[in-house]
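Participant: Provide a 3D model corresponding to the input given below.
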Amino acid sequence: MMLRISLVALSLLACLPAPGFAFDCAKAKTPAEKAICADPALKRLDDDLSVAYAALKAKLAPPEQKMLTAAQKRWIARREFCEGAEEGIVACVTARTAERISLLSARPESGPGASGAMMPVFLVQEGSPTLYDIDIAVLRFTDPQTPGEQTLNRLADEVLASAKLGPHGEEAGGAILAQEDRFTLTYAHLRVTRLHVGAP
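Facilitator: Numbering: from 1, shown residues only. Next comes the predicted model:
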């Protein structure tokens, strides 16, 4: 999906702490951070997120770690939009954090689980008036064996290959053009794996 996003929204990224382990609640500044620290259940979930992030990062090579870190910073920035959520900031942050843990852990929303191990792959590029802002997250089987697993990996590779990484040469009027895609693992089983593919 192609979207126009403002420089102001992207500037949020520069103000955020490096993602990773749980932050110090004594230094909580943003509405989402304060909500996390004020709710014990949400704080435990945020701690689980930090564990999932660290576990994934430990499995990745340095270039992949860089993409993961960039993707996590963007996710943290988007989490702040929960401040005005209709369901309330705690419910919004809880839902987004649970979804993020599932992605980082390559865990399905339902079903007993996939037959083979899966891993998320992130592709991030900072946008400018001449470069697309890229934010893509897909899931791949680490060692695809079955035709279905190979098909899923091929789909993931096609999404990654579609990324518009070079200068786009389009008249953007000072705005930044963005490409965003996500795999959401909605169900996984030995015989069937169902994904939702689309913008976040």
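Participant: for the longest helix seen in the chain, buried residues please.
Facilitator: For the chain, the helix with the greatest residue count under DSSP state H is helix 40-59. Buried residues in helix 40-59, defined by neighbour count with 16 or more other CB atoms under 10 Å: L42, L45, D46, D48, L49, A52, Y53, L56, K57. C-beta here means a position set from N, CA and C on the backbone, and glycine is covered the same way.
Participant: now do the same for the closest residue in space to the first one that isn't next to it in sequence: helix, strand or coil?
Facilitator: Spelled out, that is L42. Ranked by CB to CB, 6 or more residues apart in numbering and with sequence neighbours excluded, the top spatial neighbour of L42 is I36, at 5.1 Å. Per DSSP: H, G, I helix; E, B strand; the rest coil, the secondary structure class of I36 is helix.
Participant: now E180
Facilitator: Assigned by three-state DSSP, the conformation of E180 is strand.
Participant: on that earlier part again, look at the residue nearest to L42 and report its pLDDT.
Facilitator: Per-residue pLDDT puts I36 at 96.
Participant: what ranges do the helices span in the protein?
Facilitator: For the chain, applying DSSP H gives helices covering 7-11, 31-38, 40-59, 62-79, 89-104, 147-161.
Participant: pull the distance from the third one to the chain's centre.
Facilitator: Read that as helix 40-59. Chain-centre distance of helix 40-59: 14 Å, with CA atoms, centre = their mean, to the nearest Å.
Participant: could you do stretch 98-111 as well?
Facilitator: The answer for stretch 98-111 is 11 Å, by CA atoms, centre = their mean.
Participant: what's in contact with it?
Facilitator: 45, 48-49, 52-53, 55-56, 75, 113-114, 117-120, 137, 139, 182, 184-189, 192-193 (CB atoms under 8 Å, 6 or more residues apart in numbering).
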